[in-house]
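A.B. asks: sharing a model prediction with you, sequence too.
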Amino acid sequence: MTRHAPLYPLLGLLVFGASCEPSPTERPPAAGPSESADAVTARVPYGMVRNVKLDQHGRVLVASYRGVYRYDGKSFTHLTRAIRSPSFWDVLEDRTGRLWCATRDSGAYCRQGNVWRHFTTRQGLASNAVMAVCEDRAGNIWFATGGGASRYDGHSFRTFTIADGLSNNALTTIMQDRTGRVWFGTRGEPCFYDGNTFTVFKRPDGTAFANVGSILEDRNGTIWLGDNEGLWRYDGQTIAKASSRGASAILEDKHGNIWTTGSVRPPGGRVWALSRYAHASLYTAVPSVTDIMSIDGTGALCGMVEAKDGSIWVGALGPEGGVYRYDGKTLTDFTDRAGRP
């Protein structure tokens, strides 16, 4: 069953505990090198950085086409040296310390201790194109793929597609809000799953969204959605457009400011910007926005995270591809440009 906003009382999300332990009938890949043998480097190799996250200890995790790296405040450790698959799109360290790595075309990998396990359509993933990975409050691992949403309960996958009510099988992002609803960004309309039904959203004028690449719940419970044509907010009843600037990724910092990466179109060309919307102005007709970093339209800015020290880390692709840190005053490029073709 599929329904459209307005919303109705929701049922709780029924989920089960997760693990990436191999099943008795499945043989795991051979153990890779121990963490102490992982390569350490001063910078991340040049290439697209699709997402940046934090691990359970607050260390920065960088999902790069060239591998997944962890920053300890001094240097980067290459965590995926044992994997030959390129094109990492997302990374997650779950509550038990297992590392999940999503790839553009090779499925997903889970590292537990020194052992990697590989998940593809053969194990039950909806598609080997995995755009994002998320852990829900019950410990299930969700994958946003090019063929639908897959939920892994530690033993098997359950996949949700348009046949189940999903708005579009081509997913871009996934997250769970404080009520237990799982939200999906897609190449079309966003939607959420409450454990029973899907609720699909359109713009206030009834037209479809244009590629929702990011969804965030802020500290007040407001849902923020970003697509190619703007930044939107949903207060539980209505959707309103907060900005016409693109929002391919959205972040709330510890002060309540909203950060976005997305395309803006000044006179004479197209620019991608890392932007900050002031907390005090978020619900005004025209929120106050400050551009922190910008690159021309031959590249793009991607996912972000706020580190424990309050700095903002952002990934990029194109000529400026790599990873950057903004500490409130200085923008630092942590990319090894010597590897640029």
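C.D. replies: Sure, I can see it. Numbering: from 1, shown residues only.

A.B. asks: low-confidence stretches in this protein?
C.D. replies: Across the chain, the ranges flagged by pLDDT under 70 are 1-37, 85-86, 268, 339, 341.

A.B. asks: try it again with 80
C.D. replies: In the predicted model, the chain carries pLDDT under 80 at residues 1-38, 85-86, 266-269, 339-341.

A.B. asks: which outside residues touch stretch 317-332?
C.D. replies: 44, 46-50, 52, 62, 64, 274, 292-293, 295, 298-300, 302, 307, 309-316, 333-337 (Cβ atoms under 8 Å, 6 or more residues apart in numbering). The C-beta positions use only the backbone N, C-alpha and C, and glycine is treated the same way.

A.B. asks: buried set for it?
C.D. replies: Neighbour counts over stretch 317-332 (16 or more other Cβ atoms under 10 Å) mark 317, 320-326 as buried.

A.B. asks: was I right about Gly236 contacting Asn220?
C.D. replies: No: using Cβ atoms under 8 Å, Gly236 is not in contact with Asn220, being 10.4 Å away.

A.B. asks: contacting residues for Gly97?
C.D. replies: 56, 112.

A.B. asks: shouldn't it be within a strand?
C.D. replies: No: secondary structure of Gly97 (DSSP: H, G, I helix; E, B strand; the rest coil): coil, not part of a strand.

A.B. asks: give me the phi and psi for the closest residue in space to Asp94 that isn't next to it in sequence.
C.D. replies: The shortest distance from Asp94 to any non-neighbouring residue, by Cβ to Cβ, 6 or more residues apart in numbering, is to Glu135 (4.8 Å). Here is the backbone geometry of Glu135 (degrees, to the nearest 10): phi -110, psi 130.

A.B. asks: and Glu135, how close does it get to Val305?
C.D. replies: According to Cβ to Cβ, to the nearest Å, Glu135 and Val305 sit 15 Å apart.

A.B. asks: just checking, which of the contacts of stretch 317-332 belong to strands?
C.D. replies: In strands, judged by DSSP state E, the following of those are found: 44, 49-50, 52, 62, 64, 274, 292-293, 295, 300, 302, 312-316, 333, 335-336.

A.B. asks: narrow those residues to those that are buried.
C.D. replies: 44, 49-50, 52, 62, 64, 274, 292-293, 295, 300, 302, 312-316, 335-336.

A.B. asks: wait, Phe209 sits on Phe201?
C.D. replies: Yes: look at Phe209 against Phe201 with Cβ under 8 Å: they come within range, at 7.3 Å.

A.B. asks: where do the contact lists of these two overlap?
C.D. replies: With Cβ under 8 Å, 6+ apart as the test, Phe209 and Phe201 both reach 189-190, 225.

A.B. asks: out of those residues, who's the most crowded?
C.D. replies: Neighbour counts for the shared contacts of Phe209 and Phe201 peak at Pro190, which has 28 neighbours (criterion: other Cβ atoms under 10 Å).

A.B. asks: nearest residue to that residue other than its sequence neighbours?
C.D. replies: With Cβ to Cβ, 6+ apart as the criterion, Pro190 has its nearest non-adjacent residue at 4.5 Å, and that residue is Val212.

A.B. asks: what about that neighbour? Give its phi and psi, please.
C.D. replies: phi -80, psi 110.

A.B. asks: what residues are up against it?
C.D. replies: Val212 is in contact with 172-173, 185-186, 188-190, 225-227, counting by Cβ under 8 Å, 6+ apart.

A.B. asks: could you rerun that using 7 Å?
C.D. replies: By Cβ atoms under 7 Å, 6 or more residues apart in numbering, the residues touching Val212 are 172, 185-186, 190, 225-227.

A.B. asks: measure it to Leu79 for me?
C.D. replies: Val212 is 29 Å from Leu79, by Cβ to Cβ.

A.B. asks: hang on, Ser127 packs against Thr145?
C.D. replies: Yes: counting by Cβ atoms under 7 Å, Thr145 is a contact partner of Ser127 at 3.9 Å.

A.B. asks: more crowded one of those two?
C.D. replies: Counted by other Cβ under 10 Å, Ser127 and Thr145 do not tie: Thr145 has more neighbours, with 26 against 21.

A.B. asks: could you check how far that one is from Ser244?
C.D. replies: In terms of Cβ to Cβ, Thr145 sits 30 Å off from Ser244.

A.B. asks: test my guess that Trp272 contacts Cys302.
C.D. replies: No: assessed by Cβ under 7 Å, Trp272 is found out of contact with Cys302, at 9.3 Å.
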